[in-house]
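have a look at this prediction, sequence included:
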Amino acid sequence: MARRGKALKSIVFGAALLVAVSCTTQYRNHGYVPSSEDLAAVTLGVDTRDTVAESLGTPSAGGVLDDSGYYYVRSKVRHFGAMKPEVIERQVVAINFDSRGIARNVQHYSLQDGKVVPLVRRITDNGLTETSVIKALLGNIGNFSPTTFGG
């Protein structure tokens, strides 16, 4: 009987420990932002895309439409149990270049500067919602000219 009590206590203690450990807050860092010293080494008006990438490392992202800048992004995310992860800190360093690829500006952004951009799903209408496929095919029977057959 004493063995069962001891085994039960061990199981209960192990389960309680497992629950306590699974509910601790975990912080995870994602991405990379160069240090202030590294950013100070970038000489505006002199450094090019290649020299910036060589001294600071590969950026997290580049300009999409006109390739006008490098973006270094770092986020700190809090994970707590089964709850949805929450971004608690974000740093963005944007380095802008002119048309010749020369560094012109370094800007810093944080989570407070961010904006939520709602995505809109647009579905192209295929025009077949009111007409069945058979009706559309049969509707074209009289709509041709003899020249379409090589005559």
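Alright, I've got the coordinates.

this protein: strands as residue ranges?
Remark: strands assigned in the chain by DSSP state E are 25-31, 61-62, 69-80, 86-97, 103-110.

which residues are contacting the first one?
The contact list for strand 25-31 (CB atoms under 8 Å, 6 or more residues apart in numbering) reads 60, 72-80, 88. For every residue, glycine as well, the C-beta is placed using N, CA and C.

so in the protein, which helix runs the longest?
helix 2-22 (DSSP state H).

for that helix, what is the average pLDDT?
For helix 2-22, mean pLDDT rounds to 75.

that one packs against which elements?
Helices and strands touching helix 2-22, by 3 or more CB pairs under 8 Å, 6 or more residues apart in numbering; DSSP states H and E: there are none.

tell me the angle that helix makes with strand 69-80.
150 degrees (axes from the mean of the first three to the mean of the last three CA atoms, to 10 degrees).

contacts for helix 2-22?
With CB under 8 Å, 6+ apart, helix 2-22 has contacts from G81.

alpha carbons of that helix, in CSV - could you do that?
What follows is helix 2-22, C-alpha atoms only, in CSV (Å, rounded to 0.1, in the frame of the first residue of the first chain):
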residue,chain,number,x,y,z
ALA,A,2,2.9,2.4,0.8
ARG,A,3,4.3,1.7,-2.6
ARG,A,4,1.1,2.7,-4.3
GLY,A,5,0.9,6.0,-2.3
LYS,A,6,4.5,6.8,-3.2
ALA,A,7,3.9,6.0,-6.9
LEU,A,8,0.7,8.1,-6.9
LYS,A,9,2.6,11.0,-5.3
SER,A,10,5.3,10.8,-8.0
ILE,A,11,2.8,10.7,-10.8
VAL,A,12,0.9,13.7,-9.4
PHE,A,13,4.1,15.6,-8.8
GLY,A,14,5.3,14.8,-12.4
ALA,A,15,2.0,15.9,-13.9
ALA,A,16,2.0,19.2,-11.8
LEU,A,17,5.6,19.9,-12.9
LEU,A,18,4.6,19.2,-16.5
VAL,A,19,1.7,21.6,-16.3
ALA,A,20,3.8,24.3,-14.6
VAL,A,21,6.6,24.0,-17.2
SER,A,22,4.1,24.1,-20.2
